[in-house]
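Asks: model this:
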Amino acid sequence: MSAIYLRGLLLSLALVSSIGMQNLFVFNNAINQPLKRAWPVTLMVWFADTALTLAGFFGMGAIISAHEMFKLIIMFLGGLLVIWIGFGILRSAASFKLESSNTPLPMKKSLINAWVVTWANPQAIIDTSLMFGAMRGSLSNTQVTPFISGVVSATAIWFFGITLILGLLKERLPQRFLMWVNIISGVVVMLYGAYLLYQVVLMVI
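Replies: Residues are numbered from 1 along each chain as shown. As a prediction, this is how the structure comes out:
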């Protein structure tokens, strides 16, 4: 397992584990439905998230790689954005609450919502494009495949893992555990943002 793969894996785990609209949907899907109904919805969330990640990584990343000045600007803005997102994760660390309504959505509506919570959020689309575009700009061509493989693997591990854990444990999982997931995630994301800004400094001097 290469260091670049691990970098993508760890960074993606930190990013995807932050509490947001997408994770709230996955958590409540696991809590409010039996596992056999929760799995297809989780799979659809992973497909939607992977599609958005690949679009941001290869679309914006390709433009960044072809224009050195644009690459510099996007890496700088992406670094600032990643730090800000990490700070937001830390601020929200103690505010997450799980709520079980015991009223599962129809399967068709659940599958549609899996795409909606990922693609119907303009801010998430912009943030993903900037972040993963900046990350693509910091990688050499030989590092691209292992890095994005790590990113996609991490989201699969997170979405399916959290569905399994919450599906089995339901509301018995301590809320303090989720708080520490957020704290660790926030720190890791902020450190990576600082790394992107450091790369910008090296490119300038």
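Asks: alpha carbons only for contacts and neighbour counts from here, please
Replies: Fine.
Asks: Show me how far the helix or strand hosting residue 9 is from its chain's centre.
Replies: Under the criterion of DSSP states H and E, residue 9 resides in helix 3-16. Relative to the centre of its chain, helix 3-16 is centred 10 Å away, using C-alpha atoms, centre = their mean, to the nearest Å.
Asks: what about residue 169, how many residues close to it?
Replies: Residue 169: 13 surrounding residues under other C-alpha atoms under 10 Å.
Asks: check which helix or strand covers it.
Replies: If you go by DSSP H and E, residue 169 is part of helix 141-169.
Asks: Next, the angle from that helix to helix 3-16.
Replies: 40 degrees (axes from the mean of the first three to the mean of the last three C-alpha atoms, to 10 degrees).
Asks: Tell me the first helix or strand C-terminal of helix 141-169.
Replies: Downstream of helix 141-169, the first helix or strand assigned by DSSP H and E is helix 175-204.
Asks: Show me what counts as buried in that next one.
Replies: By 16 or more other C-alpha atoms under 10 Å, the buried positions in helix 175-204 come out as 178-179, 181-194, 196-197, 199-200.
Asks: now the end-to-end length of stretch 165-183.
Replies: Length of stretch 165-183, first residue to last, C-alpha to C-alpha, to the nearest Å: 20 Å.
Asks: the bottom helix or strand of the protein by mean pLDDT?
Replies: Sorting the helices and strands of the chain by mean pLDDT, DSSP states H and E puts helix 61-66 at the bottom, at a mean of 68.
Asks: elements contacting the next helix or strand after it?
Replies: Downstream of helix 61-66, the next assigned helix or strand under DSSP H and E is helix 68-91. Using 3 or more C-alpha pairs under 8 Å, 6 or more residues apart in numbering; DSSP states H and E, the elements in contact with helix 68-91 are helix 61-66, helix 122-137, helix 175-204.
Asks: Same list, those, but as TSV with distance to residue 80 please.
Replies: Output for the helices and strands packed on helix 68-91, formatted as TSV (distance: least, C-alpha to C-alpha, whole Å):
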stretch	distance to residue 80
helix 61-66	17
helix 122-137	10
helix 175-204	6
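Asks: Can you tell me the closest non-neighbouring residue to residue 40?
Replies: Counting by C-alpha to C-alpha, 6 or more residues apart in numbering, the nearest residue to residue 40 once its immediate chain neighbours are dropped is residue 111, at 7.7 Å.
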